[in-house]
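Asker: Let's see this in three dimensions:
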Amino acid sequence: MADIAKYTPINGGNLFSEFKSQFSIIRTRKTLGFAYAFVFVFIAFTVFLAFTPSSTSSSPWFTNIFTLPSTTTASSSSSSSSDHSHFPSIYAYFFPNSSSSNSSLPQNAGSAPQNHSPPHKVEILNPTNATNSLDKSDMNQTSSRQSQVSAQNQTQIQDEVESSKQNQTHIQDEAGDLKPNQTKIPATKSPELANTTANSSLESSSGAKNISANGEKGIAEKGLAKNLTSSLMKKQNNDTNAQEKGTDDLIKSLMNCDLFDGNWVKDDSYPLYKPGSCSLIDEQFNCFSNGRPDNDYHKLKWKPKGCTLPRLDGSHMLEMLRGKRLVFVGDSLNRNMWESLICILRNSVKDKKKVYEEFGRHHFREEASYSFVFKDYKCKVEFFVSPFLVQEWDVDGKNGTKKETLRLDLLSSGASKYKDADIIVFNTGHWWTHEKTSLGKDYYQEGSHVYSDLDVHEAFRKALTTWGRWVDSNVSPKKSLVFFRGYSASHFSGGRWNSGGQCDHETEPIKNDTYLAPYPAKMNVLEKVLKGMKKTPVTYLNVTRMTDYRKDGHPSIYRKQHMSDEEKIKPLHFQDCSHWCLPGVPDIWNEILYAELLVKQRQWQQQKRS
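Answerer: All right, here's what the predicted structure looks like:
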């Protein structure tokens, strides 16, 4: 109470009267007006500063009164380092061209992760509010130096984005042929590019941008992307290297392996195409459609003793044949092999309409040649009928009649049509066992001379010698690969092909080598001729022994659906024990051809490298 009484006005006066008594200078009206004016100006100036916030560090401290909570929180961490700059900032606010304050420049995004140097306070403003609050000229002056640094930062970030894109493109190029079960890297929008765009938009309207935070995120995401990319590249390279190594090892094993020394083993993944699915198979070979009840005959594959025969990949073989011609030349056994390959390759093509016979033919037993086109691959697989390889001929006989002969010194007509083919597969053999050729009476001819009697083996040697000379003279070893498929064993029992021979009771292959037939003498003749060829190398596909096991693989009585009256009376009398059911044995011949092509391709690649 004593303290309160101490300050009670004397004589009952009020506060204003006391004030006047203490300051007599304001008693005049002029002085009083000056005081009111000063107070009004002070209040107006204070209100102006309070309601004119700026996002830059050069604005007065009143800005902090109206900032959002999140912004205040974000900036509080740097208050200790910026309190000393408030009064210089007021000075810079009225004199923006002064060089005394440079602390408002944004830091480089690349240095954002460094924690030992605290970043300057940067605020993100609503572009609309900033535009309404600040004059555009002030904005341009305040942010002129920031724009220069921002442009440099954006250029750097965009350069990094372009580098990232190039790396991604390089990865995709390296991936090349991804398998269907491999993961592909999807194209994504670069996070650095998105951050740069957003920051550029903010800076153009308010003169401020948030490079540090976005830079850290962008760099982190970029690092993650690089790590992921590096991991994927490493995995893909490892997978590719492993696959290439496996392929190299396989091909090396094939190069040093006797593909024809082996055994038949059951494999439920065979055949290479579903029975009855290939409409191109000739009725004579279509045992499944002709009613054969058993099916083990097309579930056997050939297993060489020294290596593994690769399964024929139709798509890959078509790639190997892209833009090329593969031609089979020979008798109906080569037609058997040709139809097999057509079915295998066609089965791997999605659009079957793009596989067709060039001249629209649907039956393949009457014309001299046939050609199947694989349109998407621009390749052809053809067959030329030539059962002897040399020219069938006729001469004038007695009483004006014509007499058939076989010109041992001339290659069959049409040879000029396939001499430039990329791959040629020849065969002959079965027609040399027929009665006319085997007897050799007044049948073989050289020039104008007709032999009255000539041993069939000698005639066979002369014919093959003529064929070999023609190949050496007309087929370029630099362009063409030449194969000769050996004799295919027959399995007639109780007679010949035209005398009641049978094989319809055979449902399993021969398992004891004791029951195999002796090696044909004609094949010994062939091997000598092949060794004597000097210019064009010929690869011998010696299928004789491997086919001799397969007494179960012939059409036998399942060679046609509709029999003639004579065939109905004696159905077992008319059997085919020479040709092969499809799917069946000729599919394996084509697998061996495929393996040989793999080896030849690798040898060519090695020659090019050397």
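Asker: For Lys266, what are phi and psi?
Answerer: phi -80, psi 140 (degrees, to the nearest 10).
Asker: heads up, I number from 45, so please use that
Answerer: Got it, first residue is 45 now, which makes that one Lys310.
Asker: list the contacts for Asp486?
Answerer: With contacts defined as Cβ atoms under 8 Å, 6 or more residues apart in numbering, the neighbours of Asp486 are 447, 449, 494-497. For every residue, glycine as well, the C-beta is placed using N, CA and C.
Asker: can we see that at 10 Å?
Answerer: Asp486 sits next to 439, 441, 447-449, 480, 494-498 when contact means Cβ atoms under 10 Å, 6 or more residues apart in numbering.
Asker: does Leu377 sit in a helix or strand, and which one?
Answerer: Element membership of Leu377 [criterion: DSSP states H and E] is helix 376-391.
Asker: from the contacts of Asp486, which two are the most distant?
Answerer: Greatest spacing in those, by Cβ to Cβ: Gly441 and Leu498 (18.0 Å).
Asker: what about the strands in the stretch 495-644 of the chain?
Answerer: Listed in chain order, the strands of the stretch 495-644 of the chain (DSSP state E, counting those that start in this stretch) span 525-529, 582-585.
Asker: could these be laid out in TSV, adding mean neighbour count and distance to Ser384?
Answerer: Formatted as TSV, the strands of the stretch 495-644 of the chain follow (neighbours: other Cβ atoms under 10 Å; distance: least, Cβ to Cβ, whole Å):
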stretch	mean neighbour count	distance to Ser384
strand 525-529	22	12
strand 582-585	18	14
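Asker: Output the ones you listed as CSV; include the columns distance to His342 and mean pLDDT.
Answerer: Putting the strands of the stretch 495-644 of the chain into CSV (distance: least, Cβ to Cβ, whole Å; pLDDT from 0 to 100) gives the following:
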stretch, distance to His342, mean pLDDT
strand 525-529, 20, 99
strand 582-585, 20, 98
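Asker: and the closest residue to Asn471 other than its chain neighbours, what are its phi and psi?
Answerer: Among residues not flanking Asn471 along the chain, Gly374 sits closest, at 3.6 Å (Cβ to Cβ, 6 or more residues apart in numbering). Gly374 has phi and psi values of phi 160, psi -150 when expressed as degrees, to the nearest 10.
Asker: Where does pLDDT dip in the stretch 395-544 of the chain?
Answerer: 542 (pLDDT under 70).
Asker: Tell me which stretches of it form helices.
Answerer: Counting by DSSP state H, counting those that start in this stretch, the stretch 395-544 of the chain has helices at residues 479-483, 500-518.
Asker: which other helices and strands contact the first one?
Answerer: Read that as helix 479-483. strand 446-455, helix 500-518 (3 or more Cβ pairs under 10 Å, 6 or more residues apart in numbering; DSSP states H and E).
Asker: rewinding a little: dump the strands of the stretch 495-644 of the chain to a markdown table, plus distance to Lys397.
Answerer: Shown next, in a markdown table, are the strands of the stretch 495-644 of the chain (distance: least, Cβ to Cβ, whole Å):
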| stretch | distance to Lys397 |
| --- | --- |
| strand 525-529 | 30 |
| strand 582-585 | 32 |
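Asker: Among these, which comes closest to Lys595?
Answerer: Once the strands of the stretch 495-644 of the chain are compared by Cβ to Cβ, strand 525-529 is nearest, at 19.4 Å.
Asker: got the angle for that closest one vs helix 500-518?
Answerer: If you take axes from the mean of the first three to the mean of the last three Cα atoms, to 10 degrees, strand 525-529 sits at 170 degrees to helix 500-518.
Asker: Sounds good, over and out.
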